[in-house]
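Visitor: just the structure for this:
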Amino acid sequence: MINSVKDYEKLSEQYNKMLEERNTLIDDLSWYKANISSLERENEQLRKTLIKTQNLADELMEYQVKYINLTNHIRLKASANPGEHRYIALVNFIDRLEKGEK
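Guide: Model prediction:
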């Protein structure tokens, strides 16, 4: 009979440890779920930022292409009309812009 009491106490102790572990795991699970939700919100914000950045990069590329086309057109007009001071002035202005002068 003494063995039965000791066995019962041992089993009861093991059972209580298992309950503690289970409760800890349940608490951890709640914490992880909260973190996942937070990370999902952050990920969505990053996606939106990336889309905005990509749109701005695309827009910048369009302006760069337009700028190149315009400056090439002005340079072509200046070379075709060497006596036309307006085109020469524009080419000089473009050159100063590209050099970073004011």
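
Visitor: buried ones in the lowest-mean-pLDDT helix or strand in the chain?
Guide: Least confident helix or strand, the chain: helix 85-99 with a mean of 91, by mean pLDDT, DSSP states H and E. Neighbour-count burial for helix 85-99, with 16 or more other CB atoms under 10 Å as criterion, is recorded at Tyr87, Ile88, Leu90, Val91, Ile94. No exception for glycine: its C-beta is placed from N, CA and C like everyone else's.

Visitor: and the pLDDT for Ile2?
Guide: Ile2 carries a pLDDT value of 58.

Visitor: ok and the lengthiest helix in the chain relative to helix 85-99, angle-wise?
Guide: Of all segments of type helix in the chain, defined using DSSP state H, the longest is helix 2-80. Direction vectors for helix 2-80 and helix 85-99, defined by axes from the mean of the first three to the mean of the last three CA atoms, to 10 degrees, enclose an angle of 150 degrees.

Visitor: residue contacts, Ile51?
Guide: Contact analysis of Ile51 by CB atoms under 8 Å, 6 or more residues apart in numbering lists nothing.

Visitor: change the start of the numbering to 45 and stick with it
Guide: All set: I'll call the first residue 45, so the last point we hit is now Ile95.

Visitor: any idea how far it lies from Asp102?
Guide: Using CB to CB, to the nearest Å, Ile95 is found at 11 Å from Asp102.

Visitor: give me the below-cutoff pLDDT ranges for the chain.
Guide: Counting by pLDDT under 70, the chain has low-confidence residues at 45-46.

Visitor: Ala122: how many residues sit nearby?
Guide: Neighbour count of Ala122, defined by other CB atoms under 10 Å: 19.

Visitor: I'd say it and Val135 touch.
Guide: Yes - counting by CB atoms under 8 Å, Ala122 touches Val135, with 4.7 Å between them.

Visitor: what is the nearest of the buried residues of helix 129-143 to Lys61?
Guide: Lys61 lies nearest to Ile138 out of the buried residues of helix 129-143, by CB to CB, at 79.9 Å.
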